[in-house]
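**Student:** only geometry, no sequence info:
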């Protein structure tokens, strides 16, 4: 079985057309290649609108792309998106966004350090 794609005008096998249960034939009218090209062209032409709609679905407004670190203001390079990558900036951002988790992490760190300080003293008393 074959169908003619209105996008490219070629007669193609039915398997080349994506499934669409809302249509009587059970397949989309355009072949997958043409459908992909059409969707890509739409995205290129309407990128901002598409991204804003996606952000609205997630329940928040799309923030403009920042080109500086959110914590120290240094210019971002390459694939960096939010912070410059230094441990100081990563920790500051985590502290700002997750204060409860940060406090719990710091408490655990203090306990580990206390235990490490106590342990050598206990070993020294056993020797004597």
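**Tutor:** In hand now; what should we look at? Note that this is a predicted model, so its numbers are computed, not measured.
**Student:** and the helix or strand where residue 54 lies, which residues are buried?
**Tutor:** Following DSSP states H and E, one finds residue 54 within helix 47-58. Under the neighbour-count criterion of 16 or more other CB atoms under 10 Å, helix 47-58 has nothing buried. For the C-beta atoms, the positions are set from N, CA and C on the backbone; glycine is no exception.
**Student:** pLDDT (mean, whole number) over stretch 31-50?
**Tutor:** The pLDDT scores in stretch 31-50 average 93.
**Student:** average pLDDT for the longest helix along the chain?
**Tutor:** Determined from DSSP state H, the single longest helix within the chain is helix 99-127. Helix 99-127 carries an average pLDDT of 83.
**Student:** what sits up against stretch 19-27?
**Tutor:** For stretch 19-27, contacts defined as CB atoms under 8 Å, 6 or more residues apart in numbering pick out 3, 14, 17, 18, 28, 29.
**Student:** Put the buried members of these into a PyMOL selection.
**Tutor:** A single PyMOL command selects the buried members of the contacts of stretch 19-27 (16+ other CB under 10 Å):
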select buried, resi 3+17+28+29
